[in-house]
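K.L.:
How does the following fold in three dimensions:
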Amino acid sequence: MPLFIILGKLSDKAIEKMKEAKQRDKKAETIIHSAGGTLLSHYYTFGRYDFVTIVELPSAEVLAKVVVEIAKCGTVSTETMTAILPEQMYAMAKGT
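P.N.:
Sure, this is the predicted structure:
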């Protein structure tokens, strides 16, 4: 299943209500699972982004649906990337 990295920024609303972070994270995880995906890891970060999440989802189209559904909550903005494992890159480099 494809891997995706989601880089996110919390809205002012989300920061004001950080006590609700655990519930928001559980809601996002529920959205991911209901789309047929798996939340592999989730980290809060300091710097340009407020969090980094790594997920497996069936396709880029499903990723788009998940990101839109999470964005409807009005607490985050995201940037996404497709990720591949090193072994996949090595095989591609070999032409296999």
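
K.L.:
Phi, psi for the residue nearest to the spatial centre of the chain please.
P.N.:
By C-alpha atoms, centre = their mean, the mean C-alpha position of the chain lies nearest to I6, the distance being 3.5 Å. Main-chain torsions, I6, degrees, to the nearest 10: phi -110, psi 120.

K.L.:
what sits against the nearest residue to it once chain neighbours are set aside?
P.N.:
With C-beta to C-beta, 6 or more residues apart in numbering as the criterion, I6 has its nearest non-adjacent residue at 4.3 Å, and that residue is T53. To be clear about C-beta, it is placed using only N, CA and C from the backbone, and glycine gets the same treatment. By C-beta atoms under 8 Å, 6 or more residues apart in numbering, the contact list for T53 reads 5-6, 8, 28, 39, 41-43.

K.L.:
Give me the buried subset of these.
P.N.:
With neighbours counted using 16 or more other C-beta atoms under 10 Å, the contacts of T53 contain these buried positions: 6, 8, 28, 39, 42.

K.L.:
Double-check that the residue nearest to I6 belongs to a strand.
P.N.:
Yes: counting by DSSP: H, G, I helix; E, B strand; the rest coil, T53 falls inside a strand.

K.L.:
and it, bridged to which residues?
P.N.:
I6, H42 (DSSP bridges).

K.L.:
And it, how close does it get to K94?
P.N.:
31 Å (C-beta to C-beta, to the nearest Å).

K.L.:
now D12
P.N.:
From D12 to K94 the distance is 48 Å (C-beta to C-beta).

K.L.:
in the longest helix along the chain, what's buried?
P.N.:
Secondary structure of the chain read by DSSP state H shows that its longest helix is helix 21-34. By neighbour count with 16+ other C-beta under 10 Å, helix 21-34 contains the buried residues 24, 28-29, 31-32.

K.L.:
rounded to a whole number, what's the mean pLDDT of that helix?
P.N.:
Averaging pLDDT along helix 21-34 gives 96.

K.L.:
and what of stretch 78-86?
P.N.:
Per-residue scores along stretch 78-86 average to 95.
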